[in-house]
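Colleague: Predicted model follows, preceded by the sequence.
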Amino acid sequence: MGPLSCPATDDAPTLPPWFGATTSPWFGLADVTVAHKEVTPGGALYRREELRKAAEDGIGQTPGSAAAVLLEDALSLLRSALPDAAVTALWAGASDRPGSTDGRDWLRLIADVCRERLREAAPAYTPVVVPARTELADTVLREVRETAPAVVDKVVSPHWHPVPATDVMDALEHVVTRIDPDLGFRLFLRVLNALSVRLTQEQYDRYEAIGERFGYGEYHVCDVDHLIEAG
């Protein structure tokens, strides 16, 4: 039996408090990759308004919760030892929109927009350091490494500012093992979409199980259900 269709976002349950120290149905930084737009070669358009929309809260959500999740994700990468080139490759792979924009510059913009939103919606908010779910690092790393051979010959945006998929996967491994397996897994799901990686039902089932252990459910993981090969 194939996977169930994605439930509507409005019906998605809130995540537990440990998720970015907030309750939010958003996917944090992984969802903001879709707001990354490039214009003509040699120039980049920072879509502040789109980022502000991504940082807005849904009905019934704690004011500032979406911006808080986003800010904590962005800061975890900004403050990491991940080389600038790797951050840029990771962002290109997750957004499928490489270009002249430096990955850390984009993360700084995200952090800036989130702080603006938090000053408006939750002025008392102070970013907190949430311990990473390191017990799942090996589990997520196995999935990343299992997928790596399938993308070894793939390139993100082969006709403009091409980024080898191997660079993206190397950056993902760094995030999973040295920063935050949860964030790494969320970005991994985006990369699968960007690279159109074919999945088996068994892989998808494992992704669902990992998502459940992280506290989010099928309404996030099913974003890749269309990649399952017909069996």
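Modeller: Structure received. Numbers count the residues shown, from 1 in each chain.

Colleague: Go ahead and flag the most central residue of this protein.
Modeller: Averaging the C-alpha coordinates of the chain gives a centre point, and the residue nearest to it by CA atoms, centre = their mean is Ala30 (2.0 Å).

Colleague: for this structure, where's the lowest mean pLDDT among helices and strands?
Modeller: helix 29-32 (a mean of 71; mean pLDDT, DSSP states H and E).

Colleague: related to what we said a few turns ago, give the contact list for the residue nearest to the centre of the chain.
Modeller: For Ala30, the contacting residues are 73, 94, 183, 186-187, 189-190, taking CB atoms under 8 Å, 6 or more residues apart in numbering as the criterion. C-beta coordinates here come from the backbone N, C-alpha and C atoms, glycine included.

Colleague: Skip the chain neighbours and tell me the closest residue to it.
Modeller: The shortest distance from Ala30 to any residue other than its chain neighbours is 3.8 Å, reached at Arg186 (CB to CB, 6 or more residues apart in numbering).

Colleague: Ends of stretch 189-207, what's the gap?
Modeller: Counting by CA to CA, to the nearest Å, the length from the leading to the trailing residue of stretch 189-207 is 9 Å.

Colleague: List the buried residues for that stretch?
Modeller: The neighbour-count criterion (16 or more other CB atoms under 10 Å) identifies 189-195, 197, 199, 203-204, 206-207 as the buried residues of stretch 189-207.

Colleague: thinking again about what came up before, give me the element the residue nearest to Ala30 is part of.
Modeller: Secondary structure assigned from DSSP states H and E places Arg186 in helix 181-194.

Colleague: and that helix, average pLDDT?
Modeller: When pLDDT is averaged along helix 181-194, the result is 94.

Colleague: Okay then, goodbye and thanks.
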